[in-house]
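> coords below, sequence missing:
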């Protein structure tokens, strides 16, 4: 079956809308992890802060990813603000990531899909490619995007530089820790956000890998329901478990490759 046939076979449009509770969850999921990680780092407990920093990074990805697809349940300005603030906290221009992610959906694993380049590499190649991936994301946005994307990218990069400059000038140790950990996370994006969900799927790029284990999906905040996301990108992350159930029920014959 092609993607259009799959979309027609599954009831999904009712999953696009969020309740007030769901909207609050999607827009505030990062806050407790950020507060705990920063509090522990402030007290000098860096090793204890690491898992909370990792969860902040993961939930930040979930939040901006929903923002890319206008699935946060908020208006245009608040969605923009979410992307802008997360750019500063995650040390990358999120609008640049958004530009390449939208192209990734349009040209999935093709020559014009710059986000998906690492999917064809080995796992260790994808890890080593990480810094190049982040540079390329910004370069491609500058070269191919419109003036709005370029303006947002420049604003975000300037804000990041200002934030880092102040932190290092004042030698704020707990924020220096945060900067280092976030950069490490960004350099692993080509592996975790691309390779893990797309390797060995070039024959059918629309059928990305997915994760069906309950505890693994809870641990990763449902971010590895990637088959479901590529087929129905307008569905918010919080609704992907239900979407997965409906796909399994309507189309049990679809072959699902596991993420991990």
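Arrived safely, thanks for sending. The structure displayed is predicted, hence computed values, not measured ones.

> pretty sure residue 193 is touching residue 64, no?
No: Residue 193 is beyond contact range of residue 64, at 11.2 Å (criterion: CB atoms under 8 Å). From N, CA and C alone the C-beta is placed, and that goes for glycine too.

> how far away is the spatially most central residue of the chain from residue 186?
The centre of the chain sits closest to residue 61, judged by CA atoms, centre = their mean, with a distance of 3.6 Å. As judged by CB to CB, to the nearest Å, residue 61 and residue 186 stand 10 Å apart.

> what's the answer for residue 54, then?
According to CB to CB, residue 54 stands 13 Å off from residue 186.

> who's more crowded, those two?
residue 186 (20 against 15; other CB atoms under 10 Å).

> which pLDDT value does the model give that one?
Listed pLDDT for residue 186 reads 97.

> okay, buried residues for whatever helix or strand it lives in please.
Assigned by DSSP states H and E, residue 186 falls within helix 173-187. Neighbour-count burial for helix 173-187, counted by 16 or more other CB atoms under 10 Å, picks out 174, 175, 177, 178, 179, 181, 182, 183, 185, 186, 187.

> which other residues reach the helix or strand where residue 137 lies?
Using DSSP H and E, residue 137 falls within helix 130-144. With contact meaning CB atoms under 8 Å, 6 or more residues apart in numbering, helix 130-144 is reached by 92-93, 95-97, 99-100, 103, 114-115, 117-118, 149-150, 153, 157, 186-191, 194.

> and it, how far out from the chain's middle?
Computed by CA atoms, centre = their mean, to the nearest Å, the chain-centroid distance of helix 130-144 equals 16 Å.

> helices and strands around whichever helix or strand comes after that helix, which ones?
Counting by DSSP H and E, the next helix or strand C-terminal to helix 130-144 is helix 147-169. If contacts are counted by 3 or more CB pairs under 8 Å, 6 or more residues apart in numbering; DSSP states H and E, helix 147-169 sits against helix 76-90, helix 94-106, helix 130-144, helix 173-187.

> give the ChimeraX command for selecting the buried subset of the contacts of helix 130-144.
Filtering those down to the buried ones (16+ other CB under 10 Å) takes a single ChimeraX command:
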select :92,93,95,96,97,99,100,103,114,115,117,118,149,150,153,157,186,187,188,189,190,191,194
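
> JSON lines for the helices and strands packed on helix 147-169, including distance to residue 223?
Formatted as JSON lines, the helices and strands packed on helix 147-169 follow (distance: least, CB to CB, whole Å):
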{"stretch": "helix 76-90", "distance to residue 223": "14"}
{"stretch": "helix 94-106", "distance to residue 223": "13"}
{"stretch": "helix 130-144", "distance to residue 223": "18"}
{"stretch": "helix 173-187", "distance to residue 223": "13"}
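
> figure out which of these is closest to residue 12.
helix 94-106 (15.9 Å; CB to CB).

> how far off centre is the helix or strand just after the closest one?
Remark: after helix 94-106, the chain's next helix or strand is helix 123-128, criterion DSSP H and E. Centroid separation between helix 123-128 and its chain, computed with CA atoms, centre = their mean, is 18 Å.

> ok, and what's touching helix 123-128?
Contacts of helix 123-128 (CB under 8 Å, 6+ apart): 118, 119, 188, 190, 191, 194, 195, 199.

> repeat the analysis, applying 7 Å as the threshold.
By CB atoms under 7 Å, 6 or more residues apart in numbering, the residues outside helix 123-128 that reach it are 118, 188, 190, 191, 194, 195.

> could I get the contacting residues of the closest residue to residue 84 other than its chain neighbours?
Using CB to CB, 6 or more residues apart in numbering and skipping residues adjacent in sequence, the residue nearest residue 84 is residue 156, 6.3 Å away. Neighbour list for residue 156: 84, 87, 93, 94, 95 [criterion: CB under 7 Å, 6+ apart].
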